[in-house]
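# what shape does this take:
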Amino acid sequence: MLEPTIVPIRKKPRYGFHSHTENLNGRLAMIGFLALLLVEYKLGHGLLIW
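Numbering: from 1, shown residues only. Below is the predicted model:
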């Protein structure tokens, strides 16, 4: 039998729990939280008041 001369390099998947996706999720959460604070400041009350 012949042995392969080239070993394939496996690429990491671009989905799931990886550091770049976790960093992006954290940054978007911070932007959303700041946007919520700005909206509440502008309105003068919270968004969850009935």
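
# the residue sitting nearest the centre point of the chain: which element?
Residue closest to the average C-alpha location in the chain (Cα atoms, centre = their mean): N25, at 2.1 Å. Element membership of N25, judged by DSSP states H and E, is helix 19-43.

# got a list of contacts for that helix?
15, 46-47 (Cβ atoms under 8 Å, 6 or more residues apart in numbering). (Glycine included, C-beta is placed from N, CA and C.)

# pull the CA atoms of stretch 8-16 into CSV?
Extracted in CSV, the C-alpha atoms of stretch 8-16 (Å, rounded to 0.1, in the frame of the first residue of the first chain):
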residue,chain,number,x,y,z
PRO,A,8,-4.5,17.5,4.7
ILE,A,9,-4.9,20.5,7.0
ARG,A,10,-8.2,20.7,8.7
LYS,A,11,-9.7,24.1,8.9
LYS,A,12,-11.5,25.2,12.1
PRO,A,13,-15.2,25.6,11.7
ARG,A,14,-16.5,29.2,11.7
TYR,A,15,-19.4,28.5,14.0
GLY,A,16,-19.8,27.4,17.6
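
# of all the residues in it, which ones are buried?
By 16 or more other Cβ atoms under 10 Å, stretch 8-16 has no buried positions at all.

# so how far is R27 from the nearest residue to Y15 once chain neighbours are set aside?
Of all residues beyond its chain neighbours, the one nearest Y15 is T21 (7.4 Å), with distances taken as Cβ to Cβ, 6 or more residues apart in numbering. T21 sits 11 Å away from R27, going by Cβ to Cβ, to the nearest Å.

# now name the helix or strand holding F17.
Using DSSP H and E, no helix or strand contains F17.

# do you know the pLDDT at it?
Note for F17: predicted pLDDT of 78.
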